[in-house]
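> Give the three-dimensional model of this entry:
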Amino acid sequence: MTKESPGPKADPQVSSALPPSQLGAFTVQGKRPDRAATPRTPEEISQLLQSAQREHWAVVPFGSGSRQDLGNPPERFDLALATTRLDRIPEYEPQDLVVRVESGCRLARLQELLAADRLCLPVDPPAYRQTTLGGMVAANASGPDRYGHGTLRDYLLGVGVIQADGTQTRFGSRVVKNVTGYDMCKLYAGSFGTLGVFSDFYFKLKPLPPMEKTVVGLFRKLPTVRSALSKLLRSPLIPSAVEFLDGNASRRLGRKLDWSGTIAGYALAVKFGDLEAAVNWQVKELKEIWGTCLDGDMLVSDPQAQARLWDCLREDHFCMAEPPMENVKLKVNILPNQLVQWIEEMEKQLSGIEAPFFLRAHAGSGVIRIYCHLDPATAQAGRLASLIERWRSLLHAVRGSVVVERGPASLKNRVDAWGYRYKDLKLMKRIKNRLDPREILNPGRFVV
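A predicted model of the protein is given here:
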């Protein structure tokens, strides 16, 4: 770890400040900031944070805004600190499989650069085309490919952070094996902007697979899904993604992709990426392993069809409602071997809130996504809040969780977005108090 002295003190009215007419673009869950700034350099961020310390401003780090629905509403919101002008890629060594990128750079732009050398950063979170690297690291965001490739935290080699007092700090480096003590990069990944503002990152990269194919298995009943999933996860096959959709979600997906009538009931989408011979063998082997479990299947091998399918499975759009209905998105973390059991129970209990719902899952990773369409003129939000608290109590014994990733005020006023109740909460509070004692960074939005 190295430390650099903070820049000179600056007046709160810095050159990167935006006019009041632009503040509406930084509204977070109904709260609008008093001021916003778009610094160009880490030094300018340092100056802004020093001003925030003096004035006791509450600061919300802001990238593209695609993840600002996450967490609780800010307790205070004085300054939106936008990183989108820190968008360079200052170091890129294809032969070393390492890249350094600034926090405001968009993932899609980075992937386009890497693809020219048949490389990638193997993460595929929602809002893929809009999200910045800083927002991704802050949320440790991931998508379907987390099953085969892991989360963003697994590829983070180094991170530049401007701490709450304006001190510029760097952890890790461009070298893959550099940690002899606690890996501070992992502390900051998923910290939700509460421990510092990111300036840049070092990431390790992977080659793009030469070929990809997807098998979509179709099932009428959940017990056959359980059997098929168990056989897959106990097999020698190495899929990069295993996605589950309930009947409601699979029918919507079918309409989105013009597959109407092809998909009915539950679906498992399994993607393989490797050399052509390896992919073809795995596709053939999977169909043999599933055997009589299947009520039908589809093979998606055309590159354009692959891209359309996984764009849908990565994003939330096809499960979202139109106004005046209100969207809720929940993330449920459980043990992978309990996935189908919980889905079965959730289907029964969600029917009691009398609102349309859709269940999807990263089936091999134990992550369930629940989408609900709430009618604001009814008591559906209250019934869903009670259900969330019931699930949290049941999941506590296995360190599971239910996170409200998106929801209207009628829901978030009734239930905490995180519901975190584990014994390491005290340690998390100590770390927060040490790194941000005045609580100016994203106050009230995260677990601590």
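> In a helix, residue 327, correct?
No - under DSSP: H, G, I helix; E, B strand; the rest coil, residue 327 falls outside any helix and is assigned strand.
> got the contact list for it?
Taking C-beta atoms under 8 Å, 6 or more residues apart in numbering as the definition of contact, the neighbours of residue 327 are 320-321, 371-374, 406-408. For the C-beta atoms, the positions are set from N, CA and C on the backbone; glycine is no exception.
> Pick the one among these closest to residue 87.
Comparing those against residue 87 with C-beta to C-beta picks out residue 406 as the nearest, at 26.0 Å.
> and of the contacts of residue 327, the nearest to residue 298?
Residue 298 lies nearest to residue 371 out of the contacts of residue 327, by C-beta to C-beta, at 23.1 Å.
> Give me the neighbour count for that closest one.
Applying other C-beta atoms under 10 Å, we find 23 other residues in the vicinity of residue 371.
> hang on, isn't it packed against residue 361?
No - with contacts defined as C-beta atoms under 8 Å, residue 371 does not count as touching residue 361, sitting 11.8 Å away.
> next structured bit after the helix or strand of the chain with the lowest mean pLDDT?
Among the secondary structure pieces of the chain, namely its helices and strands, strand 2-4 has the lowest mean (mean pLDDT, DSSP states H and E), a mean of 48. For strand 2-4, the following helix or strand on the C-terminal side (DSSP states H and E) is strand 35-37.
> Check which helices and strands that next one sits against.
Contact partners of strand 35-37 among helices and strands, from 3 or more C-beta pairs under 8 Å, 6 or more residues apart in numbering; DSSP states H and E: strand 79-82.
> Now do the strand it packs on, average pLDDT.
With pLDDT averaged residue by residue, strand 79-82 scores 97.
> just stretch 99-118 next, same as before
Model confidence over stretch 99-118 averages 98 on the pLDDT scale.
> Okay, now that stretch: how far is its last residue from its first?
Taking C-alpha to C-alpha, to the nearest Å as the measure, stretch 99-118 stretches 14 Å from start to finish.
> could you list every residue that touches residue 412?
With C-beta under 8 Å, 6+ apart as the criterion, the residues that contact residue 412 are 29, 72-73, 404.
> separation between it and residue 419?
According to C-beta to C-beta, to the nearest Å, residue 412 and residue 419 sit 12 Å apart.
> now do residue 433
22 Å.
> got the contact list for the most centrally placed residue in the chain?
Taking C-alpha atoms, centre = their mean as the criterion, residue 141 is the residue nearest the geometric centre of the chain, at 2.7 Å. Residues in contact with residue 141, defined by C-beta under 8 Å, 6+ apart, are 67, 123, 125-126, 131, 135, 152.
> Also residue 296?
Residue 296 makes contact with 217-218, according to C-beta under 8 Å, 6+ apart.
> Which residue ranges of the stretch 251-400 of the chain form helices?
For the stretch 251-400 of the chain, the helices identified by DSSP state H, counting those that start in this stretch occupy 276-290, 303-314, 339-350, 380-395, in order along the chain.
> Turn these into TSV, including distance to residue 207.
Converted to TSV, the helices of the stretch 251-400 of the chain look like this (distance: least, C-beta to C-beta, whole Å):
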stretch	distance to residue 207
helix 276-290	14
helix 303-314	17
helix 339-350	30
helix 380-395	38
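> And the ones you listed: which comes nearest residue 171?
helix 303-314 (29.2 Å).
> If you count neighbours, what's buried in that closest one?
Along helix 303-314, these residues count as buried under the neighbour rule (16 or more other C-beta atoms under 10 Å): 306, 309-314.
> Columns secondary structure and pLDDT on top of the contacts of residue 412, output as CSV?
Formatted as CSV, the entries for the contacts of residue 412 read as follows, by DSSP: H, G, I helix; E, B strand; the rest coil; pLDDT from 0 to 100:
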residue, secondary structure, pLDDT
29, coil, 95
72, coil, 95
73, coil, 94
404, strand, 97
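> ok, now how distant is the nearest residue to residue 265 once chain neighbours are set aside from residue 250?
Of all residues not flanking residue 265 in the chain, residue 220 sits nearest, at 4.6 Å (C-beta to C-beta, 6 or more residues apart in numbering). Using C-beta to C-beta, we find residue 220 at a distance of 11 Å from residue 250.
> Now for the two: what residues contact both?
With contacts defined as C-beta under 8 Å, 6+ apart, the residues adjacent to both residue 220 and residue 250 are 264-266.
> what about burial for those, which qualify?
In terms of neighbour count (16+ other C-beta under 10 Å), the buried residues within the shared contacts of residue 220 and residue 250 are 264-266.
> Closest one to residue 105 out of the buried residues of helix 303-314, please.
Ranking those by separation from residue 105, with C-beta to C-beta as the measure, puts residue 314 on top at 19.3 Å.
> Is that closest one in contact with residue 125, as I believe?
Yes - here residue 314 lies in contact with residue 125, judged by C-beta under 8 Å, at a distance of 7.4 Å.
> List the residues that are in contact with both of these two.
With the criterion set as C-beta under 8 Å, 6+ apart, the overlap between the contacts of residue 314 and residue 125 is residue 143.
> Could you pull up the residues touching the residue nearest to residue 186 when sequence neighbours are not counted?
If the residues on either side of it in the chain are set aside, residue 186 comes closest to residue 153, at 5.6 Å by C-beta to C-beta, 6+ apart. The neighbourhood of residue 153, defined by C-beta under 8 Å, 6+ apart, consists of 140, 185-186, 189-190.
> again, 10 Å this time
Contacts of residue 153 were listed using C-beta atoms under 10 Å, 6 or more residues apart in numbering, and they are 123, 137, 140, 142, 183, 185-190.
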